[in-house]
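K.L.:
coords below, sequence missing:
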């Protein structure tokens, strides 16, 4: 069954930043944060201290993944320009979102460049306290902060623009499912994708139900189900096909429906806990979805949300003015 990977990270140069400080590569796929935390970021065979587009294409081909959505996050460091270069090189295989720290002095200049000059039609807000902006900024709200409001006012001029948000789990200041509702109502021509199914816990499904029920009436709110295996601590071959995750996804289908769920993995990091093959095939080993619903979750929904023809064309046809020779 054909697939679109809805949540993939390329790593041209490791440049992670979060509440643990900066990240430095150690080789063999391992990295170290400034506070001394060591993690295995890249699976064996995917890259020593990077995960390039060419490596990703090999993984995708081996797992019958046709295309992928390239997102940015603080874990790897923003790979905005490399993602742009990748889409220009492989326009039939990738679409990309960019990220920016909205509290930087030149944030709006960066936003304008990526949208107007480079043709990005998606952006990622990695605001989680554990891995993103809330780890090194005073708590803020996506829906009421005036600095961030400038960004939304700008992208509102691009119907079909996609805003992807990772707000972490309920224990973090960054957890804002209700902010997504407010934004979806304020900007009905934008699409919103919440990463990681709002950080579920199969032992506390009422919390997930609360978030999903808030989103139910807004057809422009979607969720991806990447990394929920990591979140539910279902790791290794014996955990497949992830019974706790099955409970989470079944609830999502019940409340918001199969057409608003996007499959993804959050690789490369997630593929250090479970094989990419297992992450790519687990839904096919369950009875959560019918055949047509599975086609939506694995392919059609990402195609409809991220690969809008006009959005793809905006980047494919773009020319970076910074590279023009005067």
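P.N.:
That came in fine, so what should we check first? Please read all numbers here as calculations on a predicted model, not as lab measurements. Numbering: from 1, shown residues only.
K.L.:
run through the residues that contact residue 280.
P.N.:
Going by CB atoms under 8 Å, 6 or more residues apart in numbering, residue 280 touches 3, 63, 64, 65, 265. Just so you know, the C-beta spots here come from the backbone N, C-alpha and C atoms, and that holds for glycine as well.
K.L.:
what's the pLDDT at the fourth one?
P.N.:
The predicted structure scores residue 65 at 98 on the pLDDT scale.
K.L.:
any idea how far the closest residue to it other than its chain neighbours is from residue 67?
P.N.:
Among residues not flanking residue 65 along the chain, residue 3 sits closest, at 4.6 Å (CB to CB, 6 or more residues apart in numbering). With distances taken as CB to CB, to the nearest Å, residue 3 is found 8 Å from residue 67.
K.L.:
which of the three states applies to residue 108?
P.N.:
Residue 108 falls in the helix class when you classify it by DSSP: H, G, I helix; E, B strand; the rest coil.
K.L.:
nearest residue to it other than its sequence neighbours?
P.N.:
Per CB to CB, 6+ apart, closest to residue 108 is residue 150, 5.9 Å.
K.L.:
check which element follows the helix or strand that contains the one you found along the chain.
P.N.:
Element membership of residue 150 [criterion: DSSP states H and E] is helix 146-155. Next along the chain after helix 146-155, taking DSSP H and E as the criterion, comes strand 162-166.
K.L.:
tell me what angle that next one forms with helix 146-155.
P.N.:
150 degrees (axes from the mean of the first three to the mean of the last three CA atoms, to 10 degrees).
K.L.:
for strand 162-166, packing partners?
P.N.:
strand 122-126, strand 191-194 (3 or more CB pairs under 8 Å, 6 or more residues apart in numbering; DSSP states H and E).
K.L.:
okay, those strands in CSV with mean pLDDT, distance to residue 144 and mean neighbour count next?
P.N.:
Formatted as CSV, the helices and strands packed on strand 162-166 follow (pLDDT from 0 to 100; distance: least, CB to CB, whole Å; neighbours: other CB atoms under 10 Å):
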stretch, mean pLDDT, distance to residue 144, mean neighbour count
strand 122-126, 98, 14, 25
strand 191-194, 99, 16, 24
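K.L.:
and for the closest residue to residue 205 other than its chain neighbours, the neighbour number?
P.N.:
Sequence neighbours aside, residue 251 is the residue nearest to residue 205 in space, at 5.8 Å (criterion: CB to CB, 6+ apart). Neighbour count for residue 251, taken as other CB atoms under 10 Å: 18.
K.L.:
who wins for neighbours among the contacts of residue 280?
P.N.:
Neighbour-wise, these (other CB under 10 Å) top out at residue 265, 29 neighbours.
K.L.:
list the contacts of the closest residue to that residue other than its chain neighbours.
P.N.:
Leaving aside its chain neighbours, residue 265 sits nearest to residue 279 (4.4 Å; criterion: CB to CB, 6+ apart). Listed by CB under 8 Å, 6+ apart, the contact partners of residue 279 are 229, 265, 267, 270, 271.
K.L.:
in what helix or strand does residue 279 lie?
P.N.:
Using DSSP H and E, residue 279 falls in helix 276-281.
K.L.:
for that helix, what is the average pLDDT?
P.N.:
98.
K.L.:
helix or strand right after it?
P.N.:
Helices and strands here follow DSSP H and E; after helix 276-281, the next one along the chain is helix 291-295.
K.L.:
check which helices and strands the helix or strand just after that following helix sits against.
P.N.:
Note on helix 291-295: by DSSP H and E, the next helix or strand toward the C-terminus is helix 301-305. Applying 3+ CB pairs under 8 Å, 6+ apart, one finds that helix 301-305 makes contact with strand 3-8, strand 65-70, strand 261-262.
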